[in-house]
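>>> no sequence on hand, only this structure:
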């Protein structure tokens, strides 16, 4: 799956956003960043099929588990980015369901919807991490303020 330059650049972006979340985020961002890395590695481990229109059940289950985690984060957190991330992840899961129901979906439609959903989740995580980081930095006392 990492055999093209596009997929390698996507992997760098994916890991960069997740590393940013793990290093600079609060608990919800770190949980989501860690879950995204685990889901990405698990997908790489189970993805063996080269036919882009077929859905493998393990990849579907990984995406459903990630959706469940994002829904749980949006329910328990006071942040709004997990709601948007769960919405984008639901696009990914819905594309799996549509493909399971009707195998006539074109490969380009499948890949486009997967890409939009996946990068939507990453953008939500990056923005949420940036906001959490900036909020934490804004309320942290500075050395100049203590003197």
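In hand now; what should we look at? Keep in mind that what you see is a predicted model, and the values were worked out from it rather than measured.
>>> contacts and neighbour counts: CA atoms only from here.
Fine.
>>> for the protein, which spans come out with low pLDDT?
1, 48-55, 103, 144-147 (pLDDT under 70).
>>> please repeat the previous calculation with a cut-off of 80.
1-3, 47-56, 102-107, 140-147 (pLDDT under 80).
>>> can you pull out the helices in it?
Secondary structure of the chain, counting by DSSP state H: helices at 5-24, 27-46, 57-76, 81-101, 107-139, 143-146.
>>> how far away from the center of its chain is stretch 107-126?
Chain-centre distance of stretch 107-126: 9 Å, with CA atoms, centre = their mean, to the nearest Å.
>>> before we move on, what about stretch 5-15?
The answer for stretch 5-15 is 13 Å, by CA atoms, centre = their mean.
>>> over to stretch 96-108?
On CA atoms, centre = their mean, the centre of stretch 96-108 falls 21 Å from that of its chain.
>>> in contact with residue 82, which residues?
70, 71, 73, 74, 124, 125 (CA atoms under 8 Å, 6 or more residues apart in numbering).
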